[in-house]
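Enquirer: Predicted model follows, preceded by the sequence.
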Amino acid sequence: MSTAQYHIHQIFYNDATRAELDDGFIPLDNSNGRADWYEFWAIRQFLHTHTLDADAYYGFLSPKFTDKTGLSASHVFEFIQQYSYRAVDAFVISPVWSHTAFFKNVFEQGEFFHRGLKAATKEFLQRAQVAVDLETLVTHSQNTAFGNYIIAKPEFWRQWLILADALFEIAEQEQDEYARGLSELVYYGGRPEAPMKVFVQERLATLILATQNFKVAAYDTSYGPLCLDLVQDNEYFRADFLACDAFKIAYTESQQPTFLRAYEKKRAASEMKYRHMNQR
């Protein structure tokens, strides 16, 4: 397969991160970017300064891609090759699969780890005039792209850029307390980690996939570590998470409430199982 139509970039910040890049990806320099926006800055700058080929795919991966997924560029292209004769708009290779399976959506997951994220996202969507109910939204392994680990056609990136520009303008103008709060550090694990705006923007790709009609091919990362703090990588829970994810997929495809209730029941049972195991 020719890789000419797949422009998959890997972002670097300095000489140290450049040395860690996979030779199979295209290096994308973010050394002069805004550190407070992380990879978002490089992606947005690229999209504003390049004309995209309508028939090509574009991706912008972090320097930690291999560390987070265990995959190399060759693995990525082998995955893409499987769909070379199918109509696919986007390929997702999302890490932390157990988070995707367990939580109802990526915003609930974000609220669990970064308090205030859901409210911040709701306010952003209201200001951007995007009508999405984060309380009822369901995301799963087939429409989740944590960390912007997505390789997609220009139409997806055009939709992403609309939301990205809206978030950028609100945060940069700092016209009120909410806008200024987007640049405040969010605590995780007892220490400040990154600005709230970073955790909001890295969920925009999933928001688009979950609410628009893009055809997605998702890499199966369910074999990897569970990496959910709640269960501490206990293999006893893997079947539960597989069931949770399957019920959510069935619900989004059919809109039958039975599947959503089945997911909620399985998740509750998993939580009870965890509490019981830790009381022994």
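Expert: Okay, I see it. Numbers count the residues shown, from 1 in each chain.
Enquirer: quick one, strands of this protein?
Expert: Assigned by DSSP state E, the strands in the chain fall at 6-12, 26-29, 57-61, 90-92, 150-152, 185-188, 191-195, 216-218.
Enquirer: Output the contacting helices and strands for the longest one.
Expert: To tie it back to what came earlier, the one meant is strand 6-12. Secondary-structure packing of strand 6-12 (3 or more CB pairs under 8 Å, 6 or more residues apart in numbering; DSSP states H and E): strand 26-29, helix 39-49, strand 57-61, helix 73-81. (Glycine included, C-beta is placed from N, CA and C.)
Enquirer: If we use 6 Å, what do you get?
Expert: strand 26-29, strand 57-61 (3 or more CB pairs under 6 Å, 6 or more residues apart in numbering; DSSP states H and E).
Enquirer: And the second one, by the same measure?
Expert: Counting contacts by 3+ CB pairs under 6 Å, 6+ apart, strand 26-29 packs against strand 6-12.
Enquirer: and if you look at the third one?
Expert: Using 3+ CB pairs under 6 Å, 6+ apart as the contact criterion, the secondary-structure elements in contact with strand 57-61 are strand 6-12.
Enquirer: Strand partners (parallel or antiparallel) of the strand it packs on?
Expert: According to DSSP bridges, strand 6-12 forms sheet pairs with strand 26-29 (parallel), strand 57-61 (parallel).
Enquirer: tell me, which helix in the chain spans the most residues?
Expert: What stands out as the longest helix in the chain, according to DSSP state H, is helix 257-278.
Enquirer: Can you give me the distance of the residue lying closest to Lys122 once chain neighbours are set aside to Gln109?
Expert: In this structure, Lys122 finds its nearest non-sequential neighbour in Leu134, 5.9 Å apart by CB to CB, 6 or more residues apart in numbering. Leu134 is 11 Å from Gln109, where distance means CB to CB, to the nearest Å.
Enquirer: what do you get for Lys248?
Expert: Distance from Lys248 to Gln109, counting by CB to CB: 13 Å.
Enquirer: what number of residues lie near Tyr85?
Expert: 7 (other CB atoms under 10 Å).
Enquirer: what does Ser84 give?
Expert: Counted with other CB under 10 Å, the neighbours of Ser84 add up to 9.
Enquirer: related to what we said a few turns ago, mind putting the strands paired with strand 6-12 in CSV, mean pLDDT and mean neighbour count included?
Expert: Below are the strands paired with strand 6-12 laid out as CSV (pLDDT from 0 to 100; neighbours: other CB atoms under 10 Å):
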stretch, mean pLDDT, mean neighbour count
strand 26-29, 98, 17
strand 57-61, 98, 25
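Enquirer: what pLDDT does Ala19 get?
Expert: According to the prediction, Ala19 has pLDDT 95.
Enquirer: Oh, that last question was meant for Tyr188, not what I typed.
Expert: pLDDT, read off for Tyr188, is 66.
Enquirer: just Val231 next, same as before
Expert: 53.
Enquirer: that older thread, possible to save the strands of the chain as JSON lines with distance to Gln255?
Expert: Output for the strands of the chain, formatted as JSON lines (distance: least, CB to CB, whole Å):
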{"stretch": "strand 6-12", "distance to Gln255": "34"}
{"stretch": "strand 26-29", "distance to Gln255": "39"}
{"stretch": "strand 57-61", "distance to Gln255": "30"}
{"stretch": "strand 90-92", "distance to Gln255": "22"}
{"stretch": "strand 150-152", "distance to Gln255": "25"}
{"stretch": "strand 185-188", "distance to Gln255": "34"}
{"stretch": "strand 191-195", "distance to Gln255": "35"}
{"stretch": "strand 216-218", "distance to Gln255": "18"}
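Enquirer: sorry, back to before: between Lys248 and Gln109, which is the more surrounded one?
Expert: Per other CB under 10 Å, whichever of Lys248 and Gln109 has more neighbours is Lys248, with 28 against 23.
Enquirer: Please name the nearest non-neighbouring residue to the more buried one.
Expert: Nearest residue to Lys248 in three dimensions, chain neighbours excluded: His140, at 4.1 Å (CB to CB, 6+ apart).
Enquirer: and the gap between the one you found and Trp157?
Expert: Separation of His140 from Trp157 (CB to CB): 22 Å.
Enquirer: Check Glu174 too.
Expert: Using CB to CB, we find Glu174 at a distance of 27 Å from Trp157.
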